[in-house]
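Colleague: With the sequence up front, the predicted model follows.
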There are 2 protein chains.
Amino acid sequence: MNLKFLPGPVELPPEVLAAAGRPMIDHRGPEFAELVRRVADRGQKVYQTKNDVLPLTGSGTTGMEASVLNFFYPGDKIVATSIGYFGDRWIEIAERRKAINVVCFVKPWGKDINPEELDGFLRRHSDAKGVLITHNETSTGVTNDLRELARVVRRHNMLVVVDAVSSMSAVPVLTDEWDLDIVVSATQKGFMSPPGLAMVSVSERAWRSYDSEKAGSYCLDLAMVKEFLTKGQTPSTPPLSVFFALDKALEMILQEGLQKVFLRHAKVAERLRRGVVSLGCSLFASPHCLSDAVTTVTMPKTLDAAVIKKLLREEHGFAIGGGMKEFSHKIIRLGHLGDVDEENADQVLAALKECIKKEPCL
Amino acid sequence: MNLKFLPGPVELPPEVLAAAGRPMIDHRGPEFAELVRRVADRGQKVYQTKNDVLPLTGSGTTGMEASVLNFFYPGDKIVATSIGYFGDRWIEIAERRKAINVVCFVKPWGKDINPEELDGFLRRHSDAKGVLITHNETSTGVTNDLRELARVVRRHNMLVVVDAVSSMSAVPVLTDEWDLDIVVSATQKGFMSPPGLAMVSVSERAWRSYDSEKAGSYCLDLAMVKEFLTKGQTPSTPPLSVFFALDKALEMILQEGLQKVFLRHAKVAERLRRGVVSLGCSLFASPHCLSDAVTTVTMPKTLDAAVIKKLLREEHGFAIGGGMKEFSHKIIRLGHLGDVDEENADQVLAALKECIKKEPCL
């Protein structure tokens, strides 16, 4: 099965897979100390930050929950924005922490957040401590203008908390230049590694607001992760295979060069967008906020997107993403994250063309 | 580096390593559905239970925290027992959930819990909802008499919550026969797989006491894991490499036969115990509760255990466990979990003999 266009977990380069199959090591020994420090250092380069990039066993969701639990406490107000499925998930995560006051700022699927609108909303919630923002919404193929949104949030002197799970290392995230406080990513997207590890960067400002007495979890305690990282360790046993793979993938990403990686993703996205439109499909997301990491494609009204997805899988060997929630019969989602190029784009477009031809009209 | 005697992560059989390096699959597709169901089924066989065995991305600690967060709520009283480092960790996990009333029952390192003593303690805390018990304490090499302790706890009509991280699939855990409510394990010990996944079994009785409104986490929400498992999925992206490896390891364990696996562990332990005593060392744990999964060895007073550990590593290529906390210069810890046999025991004993000969007396 070809996973090049699945919006994660993505297909891994052979070198990364080989690393995932390396023998175990002692996670309290010198070899792991070197490994975890190298991964954290390389992570900082991709994040474009001097802040610690802290590894956390789990999925991207684990990082999203950690960012809430560590920095928002009973009585705090948090503004949770959402432009789709994963924004909604973050709202649910925050709301499960019952003592936090969560106010939601939700846009329809396919739209991004307008900075002026957010500004107005934050003016009405000036007592909020921070704002949750999805950088790239995997369910809708929309990329928020994170730089502008962060500027608005910082003007209100609130913490900027970012879900960069499907943007990091695929599109630029300038953590320090954009003044982002907490940025969450995960291994199975642009980092082209197996799932199992989240990464969270934390600014000095966020740490100043941290209160260990109030951060209510053990496994997700980022201060403990930070403390152990200085010793070259993690608080509990780390997912070694994922670390081995991520280390190799980071080496490859930095060897290619970050800007080249971003350009490659942008080119694949552009090629896909032109291609699907030429096949009679349309783009689901609004034109000004199209993602370079995930392309969501609205099928012509006469076609069932779920059937197209099935045909792509069964007859052409491409696993892709389907529309989520009420969009399962209307859109397909093509991830283009990690080890993917324009030639791959042409391949999936050719397969899609076949499927559209074959699928009898509704 | 030989990890055969590290108390986790353990050395993996080549077939398991090869599985860890398998290409990714779609975690929302049919192939993963089959995989996760097979792993859960095989997990039930090792757990000797009809309860669901729920996979949870994380380390053993993640499972320990999940067992507290899901079933103990603000105002509940919990009895947390400890016979060493990992029992203490569970106490800390429970105490971080501030609204829970945690009462501790702690024994000195090297000792187990006496069932009658626990009975007396529970009589004084008859309002407790459950009791946390370490089955095998990795820091001290002590195995609690879980069957008897569970009998006591059940007599008081409380939930039996078990850390079986370093016992499961190395020594017998009869989840149903012993009436255990919540049992936590992890992949990197007896399951001879890479770290990154915890497993938690939950009894019908525990589920009856479950209140989704009060279980305060998203990532650790076991009811959601249970619900997704019926669909052949996990709530968020699962650590696929670990699943691939665990699936293979479970196949190997069940092919060898559970009873044979237990017997092999017992034989290795017995051989190591005799061996270290014949070298002039002594056993750290009390004689009646010696673990068949981890052997803790007190060095002769003239020798520094930390130096012995270093020599074993640097001159013989054996990574082993050192004494934790104040025991780092006094004891060494030999794990014997997973893919280990009596011949391996002879090898590490021969290396230990060399180290003891070489190390100048203090």
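Modeller: Perfect, I can see it now. Numbers count the residues shown, from 1 in each chain, chains lettered A, B, ... in the order given.
Colleague: residues contacting whichever residue of the stretch 1-150 of chain A sits closest to chain B?
Modeller: Closest residue of the stretch 1-150 of chain A to chain B, CB to the nearest CB: A:Gly21 (2.6 Å). Glycine gets a C-beta too; all of them are placed from N, C-alpha and C. A:Gly21 makes contact with A:Ser241, B:Leu17, B:Ala18, B:Ala20, B:Gly21 under the criterion CB atoms under 8 Å, 6 or more residues apart in numbering or on different chains.
Colleague: What's the separation between the first one and A:Glu314?
Modeller: A:Ser241 sits 30 Å away from A:Glu314, taking CB to CB, to the nearest Å as the criterion.
Colleague: Those two: which has the busier surroundings?
Modeller: More crowded of A:Ser241 and A:Glu314, by other CB atoms under 10 Å in any protein chain shown: A:Ser241, with 33 against 10.
Colleague: which non-adjacent residue is nearest that one?
Modeller: B:Pro194 (4.3 Å; CB to CB, 6 or more residues apart in numbering or on different chains).
Colleague: Around that neighbour, how many other residues sit close by?
Modeller: 36.
Colleague: again with A:Lys226
Modeller: By other CB under 10 Å, neighbour count at A:Lys226 equals 16.
Colleague: Regarding it, what is its secondary structure?
Modeller: helix (DSSP: H, G, I helix; E, B strand; the rest coil).
Colleague: residue contacts, it?
Modeller: Contacts of A:Lys226 by CB under 8 Å, 6+ apart are A:Asp52, A:Leu54, A:Val202.
Colleague: same check, this time on A:Ser209
Modeller: A:Phe71, A:Lys129, A:Leu159.
Colleague: list the helices and strands the longest helix seen in chain A packs on?
Modeller: The residue-count maximum for a helix in chain A (DSSP state H) belongs to helix A:258-278. Applying 3 or more CB pairs under 8 Å, 6 or more residues apart in numbering or on different chains; DSSP states H and E, one finds that helix A:258-278 makes contact with strand A:282-283, strand A:294-298, helix A:342-358.
Colleague: just checking, A:Ser59 touches A:Lys189?
Modeller: No. Assessed by CB atoms under 8 Å, A:Ser59 is found out of contact with A:Lys189, at 10.6 Å.
Colleague: Contacts only, for the residue in the stretch 51-200 of chain A positioned nearest to chain B.
Modeller: The nearest approach of the stretch 51-200 of chain A to chain B comes at A:Gly196, 3.2 Å away (CB to the nearest CB). By CB under 8 Å, 6+ apart, A:Gly196 lies in contact with A:57-59, A:187-188, A:239, A:241-242, B:57, B:196, B:239-242.
Colleague: how about a cut-off of 6 Å?
Modeller: A:Pro239, A:Val242, B:Gly196, B:Pro239 (CB atoms under 6 Å, 6 or more residues apart in numbering or on different chains).
Colleague: can you count the residues close to the residue nearest to it when sequence neighbours are not counted?
Modeller: Excluding the flanking residues, the one nearest A:Gly196 by CB to CB, 6+ apart is B:Pro239, at 3.2 Å. Residues near B:Pro239, counting by other CB under 10 Å, number 32.
Colleague: coming back round to it: ramachandran angles for the residue nearest to A:Ser241?
Modeller: Main-chain torsions, B:Pro194, degrees, to the nearest 10: phi -70, psi 150.
Colleague: ok, now which ones touch it?
Modeller: Contacts of B:Pro194 by CB under 6 Å, 6+ apart are A:Leu240, A:Ser241, B:Ala20, B:Val242, B:Ala245.
Colleague: would JSON lines of these with distance to B:Lys357 be doable?
Modeller: Listed next are the contacts of B:Pro194 as JSON lines, based on distance: CB to CB, whole Å:
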{"residue": "A:Leu240", "distance to B:Lys357": "33"}
{"residue": "A:Ser241", "distance to B:Lys357": "37"}
{"residue": "B:Ala20", "distance to B:Lys357": "38"}
{"residue": "B:Val242", "distance to B:Lys357": "41"}
{"residue": "B:Ala245", "distance to B:Lys357": "38"}
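Colleague: Give me the buried subset of these.
Modeller: A:Leu240, A:Ser241, B:Ala20, B:Val242, B:Ala245 (16 or more other CB atoms under 10 Å in any protein chain shown).
Colleague: From A:Gln259, how far off is A:Lys45?
Modeller: Taking CB to CB, one finds A:Lys45 at 12 Å from A:Gln259.
Colleague: May I have the secondary structure class of A:Leu337?
Modeller: Applying three-state DSSP: A:Leu337 is coil.
Colleague: how about whichever strand or helix holds A:Ala150 as PDB, C-alpha atoms only?
Modeller: Assigned by DSSP states H and E, A:Ala150 belongs to helix A:146-155. The C-alpha trace of helix A:146-155 is given here as PDB (Å, rounded to 0.1, in the frame of the first residue of the first chain):
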ATOM      1  CA  LEU A 146      -0.200  31.800  12.200                       C
ATOM      2  CA  ARG A 147       2.100  34.700  12.100                       C
ATOM      3  CA  GLU A 148      -0.700  37.300  12.100                       C
ATOM      4  CA  LEU A 149      -2.800  35.300  14.600                       C
ATOM      5  CA  ALA A 150       0.100  35.100  17.000                       C
ATOM      6  CA  ARG A 151       0.700  38.900  16.600                       C
ATOM      7  CA  VAL A 152      -2.900  39.500  17.700                       C
ATOM      8  CA  VAL A 153      -2.700  37.100  20.600                       C
ATOM      9  CA  ARG A 154       0.600  38.600  21.800                       C
ATOM     10  CA  ARG A 155      -0.900  42.100  21.600                       C
END
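Colleague: residues from chain A in reach of chain B?
Modeller: By CB under 6 Å from any CB of the partner chain, the residues of chain A that approach chain B are A:3, A:6, A:9, A:12, A:17, A:20-21, A:24, A:26, A:57-59, A:61-62, A:65, A:93, A:96, A:188, A:194-196, A:216, A:218-219, A:236-237, A:239-241, A:319.
Colleague: what's the distance between the helix or strand hosting A:Ile91 and the middle of its chain?
Modeller: Using DSSP H and E, A:Ile91 falls within helix A:85-96. The chain centre lies 15 Å from the centre of helix A:85-96; the measure is CA atoms, centre = their mean, to the nearest Å.
Colleague: Just after that helix, pick out the following helix or strand.
Modeller: strand A:101-106.
Colleague: So the closest residue to the residue of the stretch 1-150 of chain A closest to chain B other than its chain neighbours versus B:Pro9, what's the distance?
Modeller: Leaving out its chain neighbours, the residue that sits closest to A:Gly21 by CB to CB, 6+ apart is B:Gly21, at 2.6 Å. Plainly put, B:Gly21 is 16 Å away from B:Pro9 if you go by CB to CB.
Colleague: now do A:Ser185
Modeller: Distance of A:Ser185 to B:Pro9, computed by CB to CB: 24 Å.
Colleague: These two: who's more crowded?
Modeller: B:Pro9 (32 against 29).
Colleague: Assign the more buried one to one of the three secondary structure states.
Modeller: coil.
Colleague: check contacts around the residue of the stretch 201-350 of chain A found nearest chain B.
Modeller: As assessed by CB to the nearest CB, chain B sits closest to A:Pro239 within the stretch 201-350 of chain A, at 3.2 Å. When contacts are counted by CB under 6 Å, 6+ apart, A:Pro239 touches A:Thr57, A:Gly196, A:Leu197, B:Pro195, B:Gly196.
Colleague: how about a cut-off of 7 Å?
Modeller: A:Thr57, A:Gly196, A:Leu197, B:Pro194, B:Pro195, B:Gly196, B:Pro239, B:Val242 (CB atoms under 7 Å, 6 or more residues apart in numbering or on different chains).
Colleague: again with A:Gly58
Modeller: A:Ala198, B:Thr57, B:Gly58, B:Cys219.
Colleague: Select from those every entry located in strands.
Modeller: Mapping the contacts of A:Gly58 onto strands (DSSP state E) picks out A:Ala198, B:Thr57, B:Gly58.
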